[in-house]
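Q: sequence unknown, structure follows:
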């Protein structure tokens, strides 16, 4: 059979799909055949020709420029990969940093499969985790015709292979070009932890948080930002957060995706952590994406989280709006019409004709059942059990309401409106809570209107919490 082979290519002869016998043996993980072919002089670095090459009509576009090493990595054939590396196979396959080829490196393929042993073996033989095979098409609009592949770190992040990503990040980085970041670029791209100032670009990245990104160049930092983008796009929140802890700077897009994923998973601690990073992603010009996508997400979280998260969001909203005084609200809640005096206000807390008493903060307050039960369902419920008792003047204990707040509630009930009330700013929220408790809608609307006049960036959170508890829908 060997005599039938072309004399120029011999055992490296390729079939119609561009595959050599060594490539087929690598696909099958045939150790015996691999040793025999390599001993016979097969070249482990023969590449599958590019698509459209004459004489190879069956070439698959996805495998162009692959070598036997690439096929072994794609099938997770560890034995074949080790043999080829030991016998002179190039660790980057058909890819070259100095050439633009639409292909994949063995490390990119191994990272995609998530095989940690394969990744470790390739890194041990010098594979570059930051090497990308993307081709830049200047005639292409918005990358619609993207060719090639992102670096192995981005591939692992996109597929959610966290262990492979850690292995790629903990391996020393090969020295690269000395295109260090300028001060202007560093400020524009974010505060990267430990961007190196030395002459060497070699880096040992520690996932545990020690010596993070000590000497990465500009290109390598962008590769890590790409990895964060792919992990965020594919909802791998754990990987996105881990890359951030390494010092990879946020972009608004990645931060927003991470926050949305944390909100969907109800991870309150992660949400708080992300919100604390907002100032690092806060856009100066508040782009259309921020207004149309990010702000609705923040308000959605604001409606459903605890007070700690609400305070963080309040700081964010204040940052977005600015710290200047708020303009008066144009639309205030409409007050219910004044209902008219029910009884002469002089009877408020007057023992004359009183048939019920209240004990508030240890003090006695005199009332009249006919006024109270007709004005408030809550009073009607509280006094219904007292009406049948033999005691002519029952006493009702009132808790959690201060005496003068209760007195203002009574003034409202007896006068039938809010015109006679003199409520200080410090008492409005307490009066709102009392109006909600006694189910006095007109008084509740009055407190809503007063709050709308008082709201500012310092008290907006307290206003929101009270309005939510008291069901003040107009104020919300």
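A: Thanks, I have it. Being a predicted model, the structure only gives us computed values, none of them experimental. Numbers count the residues shown, from 1 in each chain.

Q: Check which residues of stretch 414-423 are buried.
A: For stretch 414-423, the neighbour count (16 or more other CB atoms under 10 Å) marks 414, 415, 416, 417, 418, 421, 423 as buried. Where C-beta positions appear, they are placed from N, C-alpha and C, glycine not excepted.

Q: Out of those, flag the one nearest to residue 127.
A: Using CB to CB, residue 423 comes nearest to residue 127 of the buried residues of stretch 414-423, at 72.9 Å.

Q: hang on, the closest one packs against residue 409?
A: No - here residue 423 lies out of contact with residue 409, judged by CB atoms under 8 Å, at a distance of 11.0 Å.

Q: Report the set of residues contacting both of those two.
A: residue 431 (CB atoms under 8 Å, 6 or more residues apart in numbering).

Q: ok, the nearest residue to residue 29 once chain neighbours are set aside - how many residues close by?
A: Spatial nearest neighbour of residue 29, chain neighbours left out: residue 77 (3.8 Å); criterion: CB to CB, 6 or more residues apart in numbering. Residues within reach of residue 77, counting by other CB atoms under 10 Å, total 23.

Q: In contact with residue 77, which residues are there?
A: Residues in contact with residue 77 (CB under 8 Å, 6+ apart) are 26, 27, 29, 71.

Q: Measure how far stretch 423-434 is from the centre of its chain, please.
A: Centroid displacement of stretch 423-434 relative to its chain, using CA atoms, centre = their mean, to the nearest Å, is 38 Å.

Q: before we move on, what about stretch 403-412?
A: On CA atoms, centre = their mean, the centre of stretch 403-412 falls 47 Å from the chain's centre.

Q: Residues contacting it, please?
A: For stretch 403-412, using CB under 8 Å, 6+ apart, the contacting residues are 345, 348-349, 358, 360-361, 363, 365, 367, 398, 401, 418, 420-421, 423, 427, 430-431, 434-435, 438, 440, 442-443.

Q: Pull out the buried positions in that stretch.
A: So for stretch 403-412, counting by 16+ other CB under 10 Å, buried means 405, 406, 407, 408, 409, 410, 411, 412.

Q: Dump the residues you listed to CSV, plus secondary structure.
A: Shown next, in CSV, are the buried residues of stretch 403-412 (DSSP: H, G, I helix; E, B strand; the rest coil):
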residue, secondary structure
405, helix
406, helix
407, helix
408, helix
409, helix
410, helix
411, helix
412, helix
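
Q: of the buried residues of stretch 414-423, closest to residue 51?
A: residue 423 (79.9 Å).

Q: any idea how this structure splits into domains?
A: Domain assignment for the chain by automatic domain parsing gives 268-321, 345-469.

Q: Point out the other helices and strands that whichever strand or helix holds residue 296 packs with.
A: Residue 296 belongs to helix 295-304 when elements are defined using DSSP states H and E. If you count contacts as 3 or more CB pairs under 8 Å, 6 or more residues apart in numbering; DSSP states H and E, helix 295-304 packs onto helix 252-264, helix 307-321.

Q: in that helix, what's buried?
A: By 16+ other CB under 10 Å, the buried positions in helix 295-304 come out as 298, 301, 302.

Q: chain center to it: distance?
A: Chain-centre distance of helix 295-304: 13 Å, with CA atoms, centre = their mean.

Q: Next, the angle helix 307-321 makes with that helix.
A: Helix 295-304 runs at 150 degrees relative to helix 307-321, counting by axes from the mean of the first three to the mean of the last three CA atoms, to 10 degrees.

Q: who touches helix 295-304?
A: Residues contacting helix 295-304 (CB under 8 Å, 6+ apart): 256, 259, 260, 263, 271, 309, 310, 313, 316, 317, 320, 464.

Q: Show me the helices in the stretch 151-300 of the chain, by range?
A: Along the stretch 151-300 of the chain, counting by DSSP state H, counting those that start in this stretch, helices occupy 152-159, 162-170, 183-189, 218-233, 237-245, 252-264, 268-276, 278-281, 288-289, 295-304.

Q: least reliable of those helices going by mean pLDDT?
A: Lowest mean pLDDT within those: helix 183-189, a mean of 41.

Q: Could you list the low-pLDDT ranges of this structure?
A: Applying pLDDT under 70 to the chain flags residues 1-7, 136-146, 172-215, 282-286, 321-344, 385-392, 476.

Q: got the contact list for the closest residue in space to residue 353 that isn't next to it in sequence?
A: Closest residue in space to residue 353, ignoring its immediate chain neighbours: residue 368 at 6.6 Å, by CB to CB, 6+ apart. By CB under 8 Å, 6+ apart, the contact set of residue 368 is 343, 347, 353, 354, 355, 356.

Q: Tell me where the protein has strands.
A: 356-360, 363-367, 395-398 (DSSP state E).

Q: Ramachandran angles for residue 101?
A: Main-chain dihedrals, residue 101, degrees, to the nearest 10: phi -120, psi 140.

Q: just residue 47 next, same as before
A: phi -110, psi 150.

Q: Return the distance of it relative to residue 110.
A: Using CB to CB, to the nearest Å, residue 47 is found at 18 Å from residue 110.

Q: same thing with residue 61?
A: 21 Å.

Q: which one of these two has more residues nearby?
A: Ranked by neighbour count (other CB under 10 Å), residue 61 and residue 110 place residue 110 first, with 32 against 10.

Q: can you pull the contacts of the closest residue to that one other than its chain neighbours?
A: Counting by CB to CB, 6+ apart, residue 110 lies nearest to residue 118, which is 3.9 Å off, once chain neighbours are set aside. Contacts of residue 118 were listed using CB under 8 Å, 6+ apart, and they are 73, 76, 78, 81, 110.

Q: Repeat that for residue 68.
A: Going by CB under 8 Å, 6+ apart, residue 68 touches 20, 22, 23, 25, 26, 44, 46, 80, 84, 89.

Q: how does it look with 7 Å?
A: Contact partners of residue 68, counting by CB atoms under 7 Å, 6 or more residues apart in numbering, are 22, 23, 26, 44, 84, 89.

Q: Where neighbours are concerned, which of the residues you listed has the most?
A: The most crowded member of these, judged by other CB under 10 Å, is residue 26 (32 neighbours).

Q: contacting residues for that one?
A: Contact partners of residue 26, counting by CB under 7 Å, 6+ apart, are 34, 68, 71, 72, 77, 80, 84.

Q: can we see that at 10 Å?
A: By CB atoms under 10 Å, 6 or more residues apart in numbering, the residues touching residue 26 are 19-20, 33-34, 37, 44, 66-75, 77, 79-81, 83-84, 89.
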